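Asks: Need a 3D model of the following:
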Amino acid sequence: MIPGLIIAAPASGTGKTTVMLGLLAALRARGLVVQPFKNGPDYIDPAFHRAASGRASFNLDSWAMPGAMLDGMLAAAEGADLVLAEGSMGLFDGVAVPGACGNGATADLAQRMGWPVVLVIDASGQAQTAAAVAQGLARFRDGVTVAGVILNRIASPRHAALVRAGMAEAGITVLGALPKRAGIAMPERHLGLVQAEEQPDLRTLIAEAAGLMRESLDLEALIAAASSSTTPVPPIRITPPGQRIALARDAAFSFVYPHLLHGWRRAGAEVLPFSPLADQGPDSSADVCWLPGGYPELHGPTLAAADRFRTGLRAFADRKPVHGECGGYMAMGQAIIDTDGTRHQMAGLLGLVTSYALRKMHLGYRVARLAQSIPGQPAGGRLKGHEFHYSSILDQPDAPLADVTDATGAKVAETGSARLQPGGGLSSGTYFHLIAGVE
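Replies: Model (predicted):
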């Protein structure tokens with residue numbers, strides 16, 4: 001068993017990602033091989049983890065993933081000295097109705113895997129009261145062990161002494177205290193962090209974060225606190241959408257889960273990347289084309305001018321299946337209307353028209369029962385995923401792809417779309433991102 005830790009917090013915005021990246025880089029610099037993971041449906045943080053650790057990072061999701069899949073994901077840690085997982089939101093935050101192995105909370109993973117929790121506590125605006133928060137989290141659920149806390153945004157030595165005094169009174173181990181340092185904060189946009197490949201100073205940011213961890217944390221105590229109760233099992237087989245998969249891959253289309261790509265390749269599929277932003281079409285030798293989510297709305301003019309991409313995609317789609325998720329789904333439609341109300345022509349494989357001028361957040365887990373097949377998944381199959389976007393549908397004239405519900409079982413209006421092309425190819429798309437099939 002490889003020992004591990006989970007970096008968690010009482011809430012979002014406490015500095016978990018900065019701490020995670022700094023620790024990955026600092027431990028790597030010490031000669032340790034560290035395997036990163038990310039709790040829940042997040043397709044941005046794993047790319048940052050990879051940049052800091054040098055290893056692919058994978059999502060673990062207790063709501064969407066069946067137990068065999070969760071446990072099999074630990075095979076990714078083979079050859080590592082330590083596992084470091086980054087939590088999401090607050091330690092116990094999840095949906096109201098549990099799924100396959102829990103409600104999606106970071107605490108589910110801590111309990112299942114036996115990984116102790118390191119809490120990142122934002123101590124700004126408080127002192128001894130921070131200890132009451134940490135103590136409450138440490139006692140909230142049996143089977144979840146809090147190894148200690150990292151105090152963040154400490155204003156002064158006096159502030160640190162007061163917070164440490166409170167932690168000592170509560171019996172909470174302090175693993176270090178980080179001063180306020182805005183220079184290493186990660187920039188954000190409406191779906192979370194800016195993508196790793198869009199960060200020109202990423203290496204500098206990671207190096208600065210690593211330096212801060214070395215200066216401010218007891219790394220020896222942190223490493224010693226790691227443990228695990230789970231023995232890795234063979235990973236389950238993930239059915240690829242085809243034998244040769246043309247995958248859109250650039251700054252506009254990058255939201256695809258690493259565990260899916262890894263699973264497709266492990267099953268023997270070949271992934272053939274192409275860039276719509278570079279006006280490239282899918283490889284004509286591929287069996288299927290997959291358009292993942294991303295930020296097509298930020299590249300509307302470029303995509304609208306990408307004639308070779310559109311021509312190549314339409315020719316491919318006439319005879320072969322094309323599937324899109326969220327941003328990829330939108331790019332398969334007739335048009336995307338940006339926040340300024342400007343209409344940008346898209347591929348036209350579906351009649352979908354979406355708009356950011358009518359901004360509304362759609363967020364949450366999804367269960368879909370397919371009315372029609374999609375690449376790699378038969379009609380009638382049930383899939384689990386999640387939806388996270390701010391666009392609204394203005395027109396959706398095609399047949400619905402699936403019956404979709406949220407985590408509580410309530411129906412969701414965004415059903416996806418499907419259209420049979422003249423040459424027999426099926427074009428399909430959904431707003432939700434696939435995580436796993438349902439057992």
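
Asks: Let me see the contact set for the spatially closest residue to Gly54 that is not a sequence neighbour.
Replies: Taking CB to CB, 6 or more residues apart in numbering as the measure, Gly54 lies nearest to Arg28, with 6.4 Å between them; neighbours along the chain are not counted. Any C-beta I mention is one placed from the backbone N, CA and C, and that applies to glycine too. With contact set as CB atoms under 8 Å, 6 or more residues apart in numbering, Arg28 has these partners: Val34, Ala52, Ser53, Gly54.

Asks: surely the second one meets Leu21?
Replies: Yes: using CB atoms under 8 Å, Ala52 is in contact with Leu21, at 4.5 Å.

Asks: picking up where we left off before, ChimeraX command to pick out the buried ones of the contacts of Arg28?
Replies: Command for ChimeraX that selects the buried part of the contacts of Arg28, burial taken from 16 or more other CB atoms under 10 Å:
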select :34,52,53
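
Asks: what would the contacts of Arg28 look like in JSON lines with secondary structure?
Replies: Conversion of the contacts of Arg28 to JSON lines gives the following (DSSP: H, G, I helix; E, B strand; the rest coil):
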{"residue": "Val34", "secondary structure": "strand"}
{"residue": "Ala52", "secondary structure": "helix"}
{"residue": "Ser53", "secondary structure": "helix"}
{"residue": "Gly54", "secondary structure": "coil"}
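
Asks: Which of the contacts of Arg28 sits closest to Ala131?
Replies: Ala131 lies nearest to Val34 out of these, by CB to CB, at 29.0 Å.

Asks: so which strand or helix has the residue nearest to Gly54?
Replies: Following DSSP states H and E, one finds Arg28 within helix 16-29.

Asks: cool, and Thr405?
Replies: Of the helices and strands defined by DSSP H and E, Thr405 is found in strand 402-406.

Asks: about what we covered before: okay, the helix or strand just after the helix holding Arg28 in CSV with CA atoms only?
Replies: The element immediately downstream of helix 16-29 (helix or strand, assigned by DSSP H and E) is strand 34-39. Extracted in CSV, the C-alpha atoms of strand 34-39 (Å, rounded to 0.1, in the frame of the first residue of the first chain):
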residue,chain,number,x,y,z
VAL,A,34,4.3,11.7,-5.8
GLN,A,35,1.1,10.5,-7.4
PRO,A,36,-1.6,13.3,-7.5
PHE,A,37,-5.4,12.8,-7.6
LYS,A,38,-8.3,15.2,-7.6
ASN,A,39,-11.6,14.7,-5.8
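
Asks: What mean pLDDT does strand 34-39 get?
Replies: Taken as a whole, strand 34-39 has a mean pLDDT of 98.

Asks: Which strands border it, and is each parallel or antiparallel?
Replies: Neighbouring strands of strand 34-39 in its sheet, by DSSP bridges, are strand 58-60 (parallel), strand 82-86 (parallel).

Asks: Check what contacts that strand and list those residues.
Replies: Counting by CB under 8 Å, 6+ apart, the neighbours of strand 34-39 from elsewhere in the structure are 2, 6, 20, 23-24, 27-28, 45-46, 49-50, 52-53, 55, 57-61, 73, 76-77, 80-88, 104-106, 109.

Asks: next one: stretch 58-66
Replies: By CB under 8 Å, 6+ apart, the surrounding residues in contact with stretch 58-66 are 37-43, 46, 70, 73, 76, 85, 94-95, 98-105, 108-109, 112, 236, 257-259, 262, 365, 384-386, 407, 435-436, 438-439.

Asks: of those, buried ones?
Replies: Buried, going by 16+ other CB under 10 Å: 37-43, 46, 70, 73, 76, 85, 94-95, 99-105, 108-109, 112, 236, 257-259, 262, 365, 384-386, 407, 435-436, out of the contacts of stretch 58-66.

Asks: Now, those that are in strands?
Replies: Secondary structure defined by DSSP state E assigns Phe37, Lys38, Asn39, Ala85, Tyr365, Lys384, Gly385, His386, Ile435, Ala436 of the buried ones among the contacts of stretch 58-66 to strands.

Asks: what's the closest of the contacts of Arg28 to Gln377?
Replies: Among the contacts of Arg28, and counting by CB to CB, the member closest to Gln377 is Ser53, at 31.6 Å.

Asks: quick one: contacts for the closest one?
Replies: If you count contacts by CB under 8 Å, 6+ apart, Ser53 has them with Leu24, Ala25, Arg28, Val34, Gln35, Pro36, Leu84.

Asks: So which of the strands paired with strand 34-39 is nearest Thr339?
Replies: Closest approach to Thr339 among these (CB to CB): strand 58-60, 29.1 Å.
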